[in-house]
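In: I need the structure of the sequence given here:
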Amino acid sequence: MNISILTVEVRLETDVVLARQRSRLIANLLGFSPQDQTRIATAVSELARNAFQYAGGGKVEFAIAEEAEIGRSARPLTPSPAQLLAIRISDRGPGISNLKAILDGQYTSPTGMGLGIAGARRLADRFDIESSPGKGTAVRLAKYLPAPAPPVTPQTLAEIAQQLAQRAGQTPLQEIQQQNQELLRTLDELRRRQEELTLLNTELDDTNRGVVALYAELNEKADFLQRANQLKSHFLANMSHEFRTPLNAILSLSWLLLQRTDGELTAEQEKQVGYMRKSAEALLALIDDLLDLAKVEAGKMTVRCQEFEVHELFSALRGMLKPLLSSNSSVALIFDEPAGLPPLNTDDGKLSQILRNFISNALKFTERGAIRVSAKIGPDSTALFSVADTGIGIAPEDREGIFQEFTQVESAVQKRVKGTGIGLPLSSKLAELLGGSISLESELGKGSTFSLTVPLVYAGAAKVQASPPVSQPIDPNRSPVLVVEDNRETLFIYEKYLQGSPFQIISARTVKEARAALQEFRPAAVMLDILLDGKSGWSLISEIKENPALRDIPAIVITLVDNQTKALELGADAFCLKPAGRDWLLSTLKTLTDRNKQKKKFLIIDDDEISRYLLKGLLADWHGQVLEAGTGSQGLALARQEKPQAIFMDLAMPEISGYEVISQLKSHPETREIPVIVNTSQRLQAEELKFLDRSCVAVIYKENISPQVALAKLEEALEKAGVNREQSQDKSDV
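Out: Numbers count the residues shown, from 1 in each chain. So this is what the prediction gives:
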């Protein structure tokens, strides 16, 4: 309910001054502060002047109102009803046509103080305006009464009206003096606030300088940590050879002792050597994980993509992990058939490493039950692999920590098994490298499921460009080689491999075309893939070797199917998993076509005496003469003098590095055709592998723990060099 206080009619210019005086006096009597008195008086003065100038007059009404009775608010409603000083300035003028522009602050009166309606709205707590053309304008503004002041009652208003009647109005000169005093007070207040603002800015400047100094220190620390990380990765990469060489020697020598190569061992000696071998194996595994982790962090891990079937990957994992089950017959390792999953084009080695880690962890922490490995199609052209176990499970609070380096969950089982806490963090980084991710579901006491999602096709896999057609006419000056291969890119690569050599490619895309070519001419050799459109290449090998007219033609199998045993049983003369290297291919063709019956010689160039000794033992099955060189210069001299059938080359040697020795071998006319097999313990970078692919037939690593594996790798490398065990009939001493 509104309670009227006073009404001032504005007919003359002096009435504008009177309205200002009355508004200030009323605000003073209601307990407003001097600043608020000035604000109210200024707003009323500006609006009254507008009414006088643009409408010829009007009236100013003062009243006390309740909060709910006032119009639009400049601030939110208070929690409980409050009283306000309500002021209404109205006129009967022409109205305001550009009211929106005025309220938006886009218009300034040329005769006013620049306040007017927009200024009055900023000075009030509540504000409302109505204006109609030809009907005039009414402005309502309100100001909340000061909080300490008691509520205004009719009795209070009677006292205010009495004081208003007693106080005479000021003259215009006195009003100007009053305004000047208010202005001086305002300027003084502004000066004080300016000083406070200056002090605050000074404090902010000091704070900013402190923040800048802190940022500089943090940047310095970050640079230091980055350099330290780079030094760590560089150190680990450079120390790989130094770490692995003695460990591989320990493993190989301990195996020789356990095999009683040089005599019997007592039971206690056998136990001690076994402990030594297990410790070396654990240390080598730790070093491998650390080096792989450092490579991923340093961005030096190379993704080598190839197409493969998931069931082949599962088959390899099943055979690899089978020995781990021998210690726990209460656990079954089950590989589900990956039905409906297309071939993957990604790095199968890194994918296998991740799954191997999942399965080995499951075997460690599962005392009974089953471990199930499965694969299926995932969303958005991905493959979803999962390894589910019935083990101890992982508590929710520990699930994030297991993916941090060197973190292990404390449990009763953990105390019985050994680990470093590197496997899962490395697996996570490898998954990211392949464009995938790892997830975990686990229930304490019931088991865990680790899942890996990877794209079916690695995003960074290079696209093979279309190749030009392969030439067919036979060159009488070159030996024809029949290549049975349905992939034009592979044919193009073989064509480039044999360019400038004594051999010429004649291509056949199917077994039927190959049969027709064999009837038309007799090739010097046959190179064939097994996976051909329409029919397997196994049948063609059998036809060639069972035909008396063709059986003497050397058959070389180059395929993705890893079944060397079957190929050799069917009569193949050489076998290689794709992709075949140029030097290996040329060397194999030359060896098979020339049928060189000379006594075989092998040259080992390695500064480590133990490594030479171990390799000599593995070469015993080839019944050849083994030459040794402890330096690169000695190796070069022996290679030119003896011209061995193959050279085994270490890369890290004093005086002359293995890379320089290889370069000199390939640049000298007497040694450039000798196959070079790199035998190293270094983890090679992509650029190093590119150089070796161009210069060497194979790279074998000294880190093979099992002598059987080492022997298989050696046999594979020598086959790439064109040296087969069945061709060696000499019984020379090694």
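
In: just want the most central residue of this protein.
Out: Glu432 (4.8 Å; Cα atoms, centre = their mean).

In: against Ile354, how distant is that one?
Out: Taking Cβ to Cβ, to the nearest Å as the measure, Glu432 falls 11 Å from Ile354. Bear in mind the C-beta positions are built from the backbone N, C-alpha and C, glycine included.

In: go on, Met653?
Out: 35 Å.

In: neighbour-wise, which of the two wins?
Out: Ile354 (25 against 22; other Cβ atoms under 10 Å).

In: residue contacts, Val557?
Out: Val557 sits next to Leu528, Asp529, Ile530, Gly537, Ile541, Ala567, Ala572, Ala574, Phe575, Cys576 when contact means Cβ atoms under 8 Å, 6 or more residues apart in numbering.

In: so of the residues you listed, which ones are in helices?
Out: Ile541, Ala567 (DSSP state H).

In: neighbour-wise, give me the winner out of the contacts of Val557.
Out: In these, the most neighbours by other Cβ under 10 Å go to Ala574, 26 neighbours.

In: show the pLDDT at it.
Out: With respect to pLDDT, Ala574 scores 91.

In: and the gap between Thr266 and Val273?
Out: 10 Å.

In: tell me how far stretch 368-378 is from the chain's mean position?
Out: What separates the centre of stretch 368-378 from the centre of its chain is 26 Å, taken as Cα atoms, centre = their mean, to the nearest Å.

In: I misspoke; the intended subject was stretch 339-349.
Out: Using Cα atoms, centre = their mean, the offset of stretch 339-349 from its chain centre is 21 Å.

In: that one: which residues count as buried?
Out: Buried positions in stretch 339-349, judged by neighbour count with 16 or more other Cβ atoms under 10 Å: Leu341, Leu344, Thr346, Asp347, Asp348.

In: can you list the low-confidence ranges for the stretch 101-250 of the chain?
Out: Residue ranges of the stretch 101-250 of the chain with pLDDT under 70: 106-115, 166-183, 229-230, 232-245, 249.

In: also the stretch 251-400 of the chain?
Out: 261, 285-286, 288-301, 320, 322-329, 398-400.

In: can you map out the helices along it?
Out: 267-297, 310-325, 348-364 (DSSP state H, counting those that start in this stretch).

In: so which of those is the most packed in?
Out: helix 348-364 (a mean of 20; mean count of other Cβ atoms under 10 Å).

In: show me what it is packed against.
Out: helix 310-325, strand 331-335, strand 369-378, strand 382-389, helix 423-433, strand 447-455 (3 or more Cβ pairs under 8 Å, 6 or more residues apart in numbering; DSSP states H and E).

In: would you turn the ones you listed into TSV with distance to Ala517?
Out: Output for the helices and strands packed on helix 348-364, formatted as TSV (distance: least, Cβ to Cβ, whole Å):
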stretch	distance to Ala517
helix 310-325	31
strand 331-335	41
strand 369-378	40
strand 382-389	39
helix 423-433	44
strand 447-455	40
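
In: Ala216 is nearest to which of the ones you listed?
Out: Among the helices and strands packed on helix 348-364, the nearest to Ala216 by Cβ to Cβ is helix 423-433 (31.3 Å).

In: pLDDT (mean, whole number) over that closest one?
Out: pLDDT averaged over helix 423-433 gives 82.

In: now it and strand 447-455, what's the angle there?
Out: Inter-element angle recorded for helix 423-433 and strand 447-455: 20 degrees (by axes from the mean of the first three to the mean of the last three Cα atoms, to 10 degrees).

In: any idea how far helix 423-433 is from the chain center?
Out: On Cα atoms, centre = their mean, the centre of helix 423-433 falls 10 Å from the chain's centre.

In: who are the packing partners of the helix or strand just after that helix?
Out: Downstream of helix 423-433, the next assigned helix or strand under DSSP states H and E is strand 437-443. Judged by 3+ Cβ pairs under 8 Å, 6+ apart, strand 437-443 is in contact with helix 423-433, strand 447-455.

In: residues in contact with strand 437-443?
Out: Residues outside strand 437-443 that contact it (Cβ under 8 Å, 6+ apart): 354, 393-394, 399, 403, 424, 427-428, 431, 448-453.

In: which of those count as buried?
Out: Buried among the contacts of strand 437-443 (16+ other Cβ under 10 Å): 354, 393-394, 403, 424, 427-428, 431, 448-453.

In: that older thread, adding distance to Ala158, write the helices of the stretch 251-400 of the chain out as JSON lines.
Out: Output for the helices of the stretch 251-400 of the chain, formatted as JSON lines (distance: least, Cβ to Cβ, whole Å):
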{"stretch": "helix 267-297", "distance to Ala158": "86"}
{"stretch": "helix 310-325", "distance to Ala158": "97"}
{"stretch": "helix 348-364", "distance to Ala158": "90"}
